[in-house]
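*Asks:* How does the following fold in three dimensions:
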Amino acid sequence: MNRMAESGFRAVSLTTAARFAEASELYRGVFGYVDSAYGLNPRLLGALSSNGGAVVGILDERDRLVAFAYGFCGTDRRGFYHYSQSAVVAVDQQGHGLGRMLKHAQREVALSHGLSRMRWTYDPAQERNAHFNLDVLGARGRWFAPDMYGPGTDRVIVEWDLTRPHPGELDVSALTQVPVQPNLRKPFEELFAKGLAAVSCRRLPDGEAVYYFGPVDDA
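*Replies:* Numbers count the residues shown, from 1 in each chain. Okay, here's the model as predicted:
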């Protein structure tokens, strides 16, 4: 993989110890982790890269790593899928579309390994992430995981069909609306329990951000 972008950024697979160390440093810097327990072992990235996982990065025009993502193969009763554990973009490079480049770079790796689905998690209170995942990429929020990483870390698990064309503009008039608010646990648990999927998150003209839920088959 060595895909160039008009902006000068390019997506590549990371394969060397030096790049893995660079990715680990970027990870700690972006998230502000000081405690070594929250670090990312470069050797883990090497193992993933060599054994069916994906470690992809974005290099700038000076060959510096400014974003990266890593993931691995998961399985459920429907078969295998790619699980994206983390995606990181340098603070001074956010807002340039690098997140989208990362996800599509991961998509290429997953497809090359014969996988047609990708999953990851996000904080449902982060409306920008929700909009990116659901509306920009076309992934669907399928499950709710309360306190996934400990108290106060509710997450939505999204699934992205890597073979399905982007659904384009959705008609949300008949979908269930849920305003974005600090505590989304109760309405989300109820809607996901009914078998619905989060299909969109967008801001209304009055400034309020709203989730839209619909049937999985129509998502």
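
*Asks:* CA atoms for contacts and neighbours, from now on please.
*Replies:* Fine.

*Asks:* can you give me the strands for this structure?
*Replies:* Applying DSSP state E to the chain gives strands spanning 2-4, 10-13, 54-59, 65-76, 79-89, 117-122, 140-145, 155-161, 176-179, 196-203, 209-215.

*Asks:* Go through those and pick out the most buried.
*Replies:* Comparing these by mean neighbour count (mean count of other CA atoms under 10 Å), strand 54-59 ranks first with a mean of 27.

*Asks:* distance between that strand and the chain's centre?
*Replies:* Taking CA atoms, centre = their mean, to the nearest Å, the mean C-alpha location of strand 54-59 is offset from the chain mean by 14 Å.

*Asks:* Could you do stretch 134-141 as well?
*Replies:* With CA atoms, centre = their mean, you get 10 Å for stretch 134-141.

*Asks:* Identify each buried residue in it, please.
*Replies:* 134-135, 137-141 (16 or more other CA atoms under 10 Å).

*Asks:* Could I get the average pLDDT for that stretch?
*Replies:* For stretch 134-141, mean pLDDT rounds to 96.

*Asks:* With just CA atoms, put that stretch into PDB.
*Replies:* Extracted in PDB, the C-alpha atoms of stretch 134-141 (Å, rounded to 0.1, in the frame of the first residue of the first chain):
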ATOM      1  CA  LEU A 134     -22.300   6.800  10.400                       C
ATOM      2  CA  ASP A 135     -22.700   9.500   7.800                       C
ATOM      3  CA  VAL A 136     -19.200   9.900   6.200                       C
ATOM      4  CA  LEU A 137     -18.100   6.300   6.200                       C
ATOM      5  CA  GLY A 138     -21.600   4.700   6.100                       C
ATOM      6  CA  ALA A 139     -20.900   2.300   9.100                       C
ATOM      7  CA  ARG A 140     -23.800   1.400  11.400                       C
ATOM      8  CA  GLY A 141     -24.000   1.500  15.200                       C
END
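
*Asks:* mind showing which ranges of the protein have poor pLDDT?
*Replies:* Scanning the chain with the threshold set as pLDDT under 70 gives 1-6, 217-219.

*Asks:* wait, which of the strands of the chain is closest to residue 36?
*Replies:* strand 79-89 (17.2 Å; CA to CA).
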